[in-house]
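Trainee: Show me the folded form of this:
(2 chains)
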2 protein chains.
Amino acid sequence: MSKSAWQLLGDYLKDTQLLGSIQNTLYWDQNTSMPISGSAWRGEQLSLLAKQLHERQSCEEFEILIKKAKLELQILKDKNDLEFQLVTDRFKNLKLLEQDFNRQKRIDPKLIVALATAKSEGYMCWQEARKNNDFKSFSPSLKKLIELRKEQSNQLCEERTCWETLAQPFEPNLTINRVEELFKPLKKRLPELIHKAENIINKKSEKWDLAISHQEKLCQILLNDWSRDPSNTAIAKSPHPFSITLGPDDYRITTRIVKGQPLSCLLATAHEWGHSLYEQGLPSESHQWFAWPLGQATSMAVHESQSLFWENRIARSFSFAQSFWHHFENAGAPIHSGNDLWINLNPFTPGLNRVEADELSYGLHIMIRTDLEIDLIEKGLPVEDLPTEWNKRYLNLLGVSPKNDTEGCLQDVHWSEGMFGYFPSYLLGHLISAQLTKTLENDLGKIDNLIESKEISKILGWLRKNVHHYGRSLDSEELVSKVSGASLSPNYFLEYLDNKLEKLSKISD
Amino acid sequence: MSKSAWQLLGDYLKDTQLLGSIQNTLYWDQNTSMPISGSAWRGEQLSLLAKQLHERQSCEEFEILIKKAKLELQILKDKNDLEFQLVTDRFKNLKLLEQDFNRQKRIDPKLIVALATAKSEGYMCWQEARKNNDFKSFSPSLKKLIELRKEQSNQLCEERTCWETLAQPFEPNLTINRVEELFKPLKKRLPELIHKAENIINKKSEKWDLAISHQEKLCQILLNDWSRDPSNTAIAKSPHPFSITLGPDDYRITTRIVKGQPLSCLLATAHEWGHSLYEQGLPSESHQWFAWPLGQATSMAVHESQSLFWENRIARSFSFAQSFWHHFENAGAPIHSGNDLWINLNPFTPGLNRVEADELSYGLHIMIRTDLEIDLIEKGLPVEDLPTEWNKRYLNLLGVSPKNDTEGCLQDVHWSEGMFGYFPSYLLGHLISAQLTKTLENDLGKIDNLIESKEISKILGWLRKNVHHYGRSLDSEELVSKVSGASLSPNYFLEYLDNKLEKLSKISD
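Mentor: Numbers count the residues shown, from 1 in each chain, chains lettered A, B, ... in the order given. You can find the predicted model right below:
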């Protein structure tokens, strides 16, 4: 029997997905194993794959396969030969494929190759610049990336601003207006909360640190408790922690050790594991499904909502600290109670580093970056002025000032790979996480109680059913509305922070 | 100006090489990082790349590019527009490309995919079988691989036997007759030498072991002394140590820790580093060169001659032990003199494991495997009988008998990936190493003296100039003749072993 149009399209998508996952493998290797001199060749490998992928995603053969599958599906629907849900899902899959195809088709293959090369070079250049605290050596790469991304936006020719167009792959349907609307209350309230925290937190312990092997051990304990299966997951170290999926049964995360910050590795692990749990929970009944849009993550904000959930709602919670502190004591840390650990996990002191930031200041780190990249992309902020602008805004919003650019505008990897429009996803993730948690607690009871009674699997089960399971069938705002019954709002997040400060203030009394 | 036919061919080869090196990256990851559940998808990735590579290496476009480049070169030669050496090199490159092309063209693309899948499945199956000591679970994979390789040999339709045809990619121009001619004297002499060794070595130290971190530290010291540059090399661990090149400036090796065998990791590192030094020394003035045949290794026997050189001629030498023993003492090993270490490095007791074998018995391990695979491929030995035959031959030749198949015929990775015809390269490597060393010592003086005066770089310089530098311009026997002025013979190796036993007997007195 010959294959149906649907099967033929599936075969095609699977080969595309194989190539994409090979790209991911090269990326993983680049960040976890590759010696620095391998970068030029790696860049050429990635460019070749990017070119192949773009060809596959924008060629006529693909267009025809989609059209034929659509025609076939319409006939099956008309004949009532398929279940209603299956028809709906398939039409949704086709709609997303068409949307992605139309975007890819508009981009000149030469630009794809130029971007892949510039990303790879930019990343290597950024690593060196960060090491040597030398922004100047990085600025030509950054300029090049901005220029190429603007060109990409031009070619895409969407009815959005340039920055909005670039943000779409991370956050479908996001607009600058919506970002401003959601972030505005935070820009006002977060500095106030930080100020409030200054007055209540005074029981900080002395500076301390932990041996690398102990930090690694603690992460192992954490992941074992959080249902890690070593047969389909791997952990490594990289300068910038990340989570990546290399196949339908191959999930990887990285973490890092930061000298003098003994909780950094554990929290990074919790964060990246949250990403990985989302990927692991996506609908993937077979290899095949992994290649279809509905089997994929819906947006980076939803992705971040999951990583931030595990990092903040679980690992930084009161009851997690109560259940985990003895592992720290056993490892030789000056932690002698759950409260000790909880206070250490929630320092609430504005710092310079986004990844190490607490929940109060995190949003401000993001707003600075979001504003800056809109300025760079749309408002003509010269790249040369980035360090000065960065430092100025940190002083204004957070009251701290980097000693150098390594601590400042060179700290994040994103721009070095030309990822503009990604940063707001982190803060949106905080908001989504808070709003979803509210519903989770309505359904299951307080998270603190669940952790206390060691019911992590119940939490994960809820997330799988109510969040992960949807894949790309709903965009982030649709998902939030569906799950919580209300549109996305910053209020849940602010309420959560208020409560947390309240509780901390009682303990610190 | 439009590109010359030579440049166009170079561009084409470079893309092929990019794909090949992506394959290598997937292989590296599979062995160093990938969780076991990733194997099915990894198999599909590798099959896709194998198919793409085969298409590129056997298509008409490639054939035409070669033809045009040849025509262009002939014209340049006739006009005397190129240096003589350059013309010679280019013709040699084209000849090798044509030879490789003609082979690839004959193979059915379906077989390529089937082989890639069977290799990947066979490898994963072998890992499980070895872990569970369960040969039966592996035998269907092995049968499948034998069948597919035989089919490959049929399609190649060369004027050689089936096993010889399969051995060509590893050892160009090798015949079964030549193997027998070279190995026969060894099959007679090695057991005699083992017997002789039994009587002279009696000062074995007690069983001892070293912590993993200490073993890793010793490997670091070794590689630092042996001119490792961390900017273009990376080290990891894998069940079976290997060396692999992922790009013109990206060299990787793996090693492993074996419980109860504190020298295993160091010797595996020395061995794999020898492979890597050969790769690093291949002519590669630019990325481009890396893609041409002359920039590649000439044969696995020459490759092994280099790894065995560093493992045996250097790391197992008397003067290496004298200069290195204190690192072992510092790590807490019961090693208190150079002689202690030297005796430990040269146990000369026949064992069951090839990779851990000493220089006396190593050849016998190889001859057993070579005979067995010729029997499997050409003489109808049933796969089911492999364990029994393996054990029988070990008892006959080495006087030892494996307790189980994990210690026996499941120990090596090669057959699980369908690599038949590879094993003799190891023993040929011993012979080549011995013969080349003779010339090296004629030119530079005794290796022991060079190690004593810390002139490792002089040794490496000689190898680069006299061995590595030739790439594929000479096959292994041509290389040996050119460097040593005599055809390959087992006598140099036997003479070396005689001398070593002599020296050991004096120390053990």
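
Trainee: Could I get the contacting residues of A:Val413?
Mentor: By CB atoms under 8 Å, 6 or more residues apart in numbering or on different chains, the residues touching A:Val413 are A:123, A:126, A:239-240. C-beta coordinates here come from the backbone N, C-alpha and C atoms, glycine included.

Trainee: List only buried entries from these.
Mentor: A:123, A:126, A:240 (16 or more other CB atoms under 10 Å in any protein chain shown).

Trainee: Out of the residues you listed, the closest to chain B would be?
Mentor: Distance to chain B across the buried ones among the contacts of A:Val413 (CB to the nearest CB) is lowest for A:Tyr123, with 15.5 Å.

Trainee: Chain A against chain B: which residues are in contact?
Mentor: Applying CB under 8 Å from any CB of the partner chain, we find that chain A lies next to chain B at A:14-15, A:18-19, A:21-22, A:25-26, A:28-29, A:32-38, A:40-42, A:44-45, A:48-49, A:230-234, A:236, A:246-252, A:287.

Trainee: which of the residues you listed are buried?
Mentor: A:14, A:18-19, A:21-22, A:25-26, A:28-29, A:32-35, A:37-38, A:40-42, A:44-45, A:48-49, A:232-234, A:236, A:246-252, A:287.

Trainee: Select from the residues you listed every entry located in strands.
Mentor: Members of those lying in strands (criterion: DSSP state E): A:233-234, A:236, A:246-247, A:250-252.

Trainee: if we can go back for a sec, can you list the buried ones among the contacts of A:Val413 in JSON lines and add pLDDT and secondary structure?
Mentor: Below are those laid out as JSON lines (pLDDT from 0 to 100; DSSP: H, G, I helix; E, B strand; the rest coil):
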{"residue": "A:Tyr123", "pLDDT": "89", "secondary structure": "helix"}
{"residue": "A:Trp126", "pLDDT": "94", "secondary structure": "helix"}
{"residue": "A:His240", "pLDDT": "86", "secondary structure": "coil"}
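
Trainee: Take those and write them to TSV, including distance to A:Thr88.
Mentor: TSV is the format used below for those (distance: CB to CB, whole Å):
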residue	distance to A:Thr88
A:Tyr123	40
A:Trp126	44
A:His240	39
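
Trainee: got the contact list for stretch A:466-484?
Mentor: A:89, A:92, A:96, A:171-173, A:277-278, A:280-283, A:293-299, A:301-302, A:305-306, A:428, A:432, A:435-436, A:438-440, A:486-488.

Trainee: End to end on it, go ahead and measure it.
Mentor: 10 Å (CA to CA, to the nearest Å).

Trainee: centre of the chain versus it, how much separation?
Mentor: From the chain centre to the centre of stretch A:466-484 is a distance of 16 Å (CA atoms, centre = their mean, to the nearest Å).

Trainee: for that stretch, what is the average pLDDT?
Mentor: When pLDDT is averaged over stretch A:466-484, the result is 96.

Trainee: burial of A:Asn449, as a residue count?
Mentor: A:Asn449 has 12 neighbouring residues, counting by other CB atoms under 10 Å in any protein chain shown.

Trainee: Same check on A:Glu216?
Mentor: A:Glu216, neighbours per other CB under 10 Å, totals 17.

Trainee: contacting residues around it?
Mentor: A:Cys265.

Trainee: Report the secondary structure element holding it.
Mentor: Per DSSP states H and E: A:Glu216 is located in helix A:212-225.

Trainee: buried residues in that helix?
Mentor: Those would be A:214-216, A:218-219, A:222-223, A:225, for helix A:212-225 by 16+ other CB under 10 Å.

Trainee: what does stretch A:304-311 give?
Mentor: Those buried within stretch A:304-311 under the rule 16+ other CB under 10 Å are A:304-311.

Trainee: how far is that stretch from where the chain is centred?
Mentor: On CA atoms, centre = their mean, the centre of stretch A:304-311 falls 9 Å from that of its chain.

Trainee: Also stretch A:411-424?
Mentor: Relative to the chain's own centre, stretch A:411-424 is displaced by 11 Å; criterion: CA atoms, centre = their mean.

Trainee: for stretch A:342-360, same thing?
Mentor: 18 Å.

Trainee: what mean pLDDT does stretch A:156-175 have?
Mentor: 96.

Trainee: How about residues contacting it?
Mentor: A:103, A:106-107, A:149-150, A:152-154, A:176, A:298-301, A:373-374, A:377-378, A:419-422, A:424-425, A:428, A:475-477.

Trainee: Show me those that map onto helices.
Mentor: Among those, the ones falling in helices (DSSP state H) are A:103, A:106, A:149-150, A:152-154, A:176, A:300-301, A:373-374, A:377-378, A:424-425, A:428, A:476-477.

Trainee: from these, which would you call buried?
Mentor: A:103, A:149-150, A:152-153, A:176, A:300-301, A:373-374, A:377, A:424-425, A:428, A:476-477.

Trainee: Any idea which residue is closest to the centre of chain A?
Mentor: In chain A, the centroid-proximal residue (CA atoms, centre = their mean) is A:Glu304; its distance is 4.3 Å.

Trainee: which regions of the stretch 101-250 of chain A sit below the pLDDT cut-off?
Mentor: The model of the stretch 101-250 of chain A has pLDDT under 70 over residues A:201-205.

Trainee: rerun at 90
Mentor: Within the stretch 101-250 of chain A, the segments meeting pLDDT under 90 span A:109, A:112-113, A:116-117, A:120, A:123-124, A:127, A:196-207, A:239-240.

Trainee: Is A:Arg160 located within a helix, as I assumed?
Mentor: No - read with DSSP: H, G, I helix; E, B strand; the rest coil, A:Arg160 is coil and lies in no helix.

Trainee: In chain A, where's the longest helix?
Mentor: Per DSSP H, chain A has its longest helix at helix A:5-32.

Trainee: Going along the chain from the helix or strand containing A:Gln435, find the next helix or strand for me.
Mentor: According to DSSP H and E, A:Gln435 maps onto helix A:424-444. Next helix or strand after helix A:424-444 toward the C-terminus (DSSP H and E): helix A:447-452.

Trainee: Might you calculate how far the helix or strand that that following helix is followed by sits from the centre of the chain?
Mentor: Once the chain leaves helix A:447-452, the next helix or strand it forms, by DSSP H and E, is helix A:456-466. Taking CA atoms, centre = their mean, one finds helix A:456-466 lying 19 Å from the centre of the chain it belongs to.

Trainee: So A:Asn353 lies in a helix, does it not?
Mentor: No - counting by three-state DSSP, A:Asn353 is not found in a helix; it is coil.

Trainee: need the contact list for it.
Mentor: A:407, A:411.

Trainee: for A:Asp229, same thing?
Mentor: Counting by CB under 8 Å, 6+ apart, A:Asp229 makes contact with nothing.

Trainee: A:Ile66 now?
Mentor: A:9, A:94, A:97-98, A:101.

Trainee: Ok, A:Leu352 next?
Mentor: A:394, A:400, A:402, A:407-408, A:411.

Trainee: Mind checking which of those residues land in helices?
Mentor: The members of the contacts of A:Leu352 that map onto helices under DSSP H are A:Tyr394.

Trainee: Now the two most distant members of the contacts of A:Leu352.
Mentor: A:Val400 and A:Gln411 (12.9 Å; CB to CB).

Trainee: Who has more neighbours out of those two?
Mentor: A:Gln411 (18 against 14).

Trainee: That one: what's it in contact with?
Mentor: Counting by CB under 8 Å, 6+ apart, A:Gln411 touches A:130, A:352-355.

Trainee: With A:Gly281 instead?
Mentor: With CB under 8 Å, 6+ apart, A:Gly281 has these contacts: A:460, A:463-464, A:467-469.

Trainee: now do A:Arg228
Mentor: A:Arg228 touches A:Trp273, counting by CB under 8 Å, 6+ apart.

Trainee: Next one: it from A:Ser276, what distance?
Mentor: Applying CB to CB, to the nearest Å, the value for A:Arg228 to A:Ser276 is 9 Å.
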